[in-house]
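K.L.:
Got a predicted structure here, sequence first:
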Amino acid sequence: MSNVKRVYVEKKADFAVQAKELRHEIRHYLGIRAVTGIRVLIRYDVENISDETYKKALCTVFSEPPVDDVYEETVEAKEGYAFSVEFLPGQFDQRADSAQQCVKLLNETEEPVIRSATTYLITGKLTNEQLNAVKEHCINPVDSRETGLEKPDTLVTEFEEPQDVAYFAGFGEMSEEALRKLYDSLGLAMTFKDFQHIQIFPNGAETLLGRKAAGKADSSFHFLLPCFSILQARTQPYQPFSSTSISSVTFL
């Protein structure tokens, strides 16, 4: 049995500004007149919280009683369509983080785990194409994704063991063609010229820092891929870095 508690929070009709604006956008910007109504609910999944703290949080953390309606576990909806949107893994969920900190103020001995999502309830007869257009309008693929409507058994996330640090032998001597193939295979968030700068930088830096070993021609390159951005080569012309600036790379 799941230990996760689910809460839906919806603005009362007089305060449902977001739902009214979204309905207007879909009907007028997307031209989908078949949409007759939209409800927008904030969904909280909560775990590792006592019943007493949960009851207090319902009307102090998760909702504001004067302007919000609260539904526990499920929400009644007319015939129509429903989908929920959550942040991608790794994206900061400010709403969930704030709720988690506020719940801890109610009971500092507890360590709640909270996840949030936005649930859309749409009424009207839509085709699959129209429904997909509505979803594309509501979901920003850069930071969000559609998520299931079923409640998870747990909110605890298990992470896979990270891979070993990438090691490329002979990086400094690669031809432009070989470097281009390596660049294409890595899917990096940088331009090819940035990548070329990383190849050029070690040789110049080693000479300037007086660390080039005599007779050691191989400039094999050992580095952490996430640290590429530290080199800041995109907007700055090439210039010598201090020894502290290259702590993210190791020259062999």
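P.N.:
Cool, got the structure.
K.L.:
List the residues that contact the residue nearest to the spatial centre of the chain.
P.N.:
Ranked by distance to the mean C-alpha position of the chain (CA atoms, centre = their mean), the top residue is residue 91 at 2.3 Å. Listed by CB atoms under 8 Å, 6 or more residues apart in numbering, the contact partners of residue 91 are 143, 144. In this view, the C-beta of every residue, glycine as well, is placed from N, C-alpha and C.
K.L.:
In three-state terms, label it for me.
P.N.:
Secondary structure for residue 91, judged by DSSP: H, G, I helix; E, B strand; the rest coil, is coil.
K.L.:
quick one: it from residue 155, how far?
P.N.:
With distances taken as CB to CB, to the nearest Å, residue 91 is found 16 Å from residue 155.
K.L.:
Tell me if I am right that residue 114 is in a strand.
P.N.:
Yes - under three-state DSSP, residue 114 falls within a strand.
K.L.:
Which residues are in contact with it?
P.N.:
Contact criterion CB under 8 Å, 6+ apart gives 44, 45, 46, 47, 96, 99, 100, 103, 155 as the residues in contact with residue 114.
K.L.:
so the third one is in which element?
P.N.:
I take that to be residue 46. With secondary structure defined by DSSP states H and E, residue 46 is part of strand 37-47.
K.L.:
how about the strands in the stretch 151-252 of the chain?
P.N.:
With DSSP state E, counting those that start in this stretch as the criterion, the stretch 151-252 of the chain has strands at 167-168, 221-223, 249-251.
K.L.:
And those strands, which one averages the lowest pLDDT?
P.N.:
For the strands of the stretch 151-252 of the chain, mean pLDDT drops lowest on strand 249-251, to a mean of 38.
K.L.:
so what's residue 145 closest to, chain neighbours aside?
P.N.:
Leaving aside its sequence neighbours, residue 145 sits nearest to residue 88 (CB to CB, 6 or more residues apart in numbering; 5.6 Å).
K.L.:
count of neighbours near the one you found?
P.N.:
The tally of other residues near residue 88 (other CB atoms under 10 Å) stands at 12.
K.L.:
That one is in contact with residue 144, isn't it?
P.N.:
Yes - contact criterion CB atoms under 8 Å: residue 88 and residue 144 qualify, at 6.3 Å.
K.L.:
rewinding a little: give the other helices and strands that the strand holding residue 46 contacts.
P.N.:
Packing partners of strand 37-47 (3 or more CB pairs under 8 Å, 6 or more residues apart in numbering; DSSP states H and E): strand 5-11, helix 17-24, helix 94-106, strand 113-123.
K.L.:
Could you check the angle the helix or strand just after that strand makes with helix 94-106?
P.N.:
Using DSSP H and E, the helix or strand that follows strand 37-47 in sequence is helix 51-60. Between the direction of helix 51-60 and that of helix 94-106, the angle (axes from the mean of the first three to the mean of the last three CA atoms, to 10 degrees) works out to 130 degrees.
K.L.:
Which of the residues in helix 51-60 are classified as buried?
P.N.:
Under the neighbour-count criterion of 16 or more other CB atoms under 10 Å, helix 51-60 has 53, 54, 57, 58 buried.
K.L.:
I'd like those written out as TSV, with distance to residue 168 and pLDDT added.
P.N.:
Shown next, in TSV, are the buried residues of helix 51-60 (distance: CB to CB, whole Å; pLDDT from 0 to 100):
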residue	distance to residue 168	pLDDT
53	51	96
54	52	96
57	51	96
58	54	96
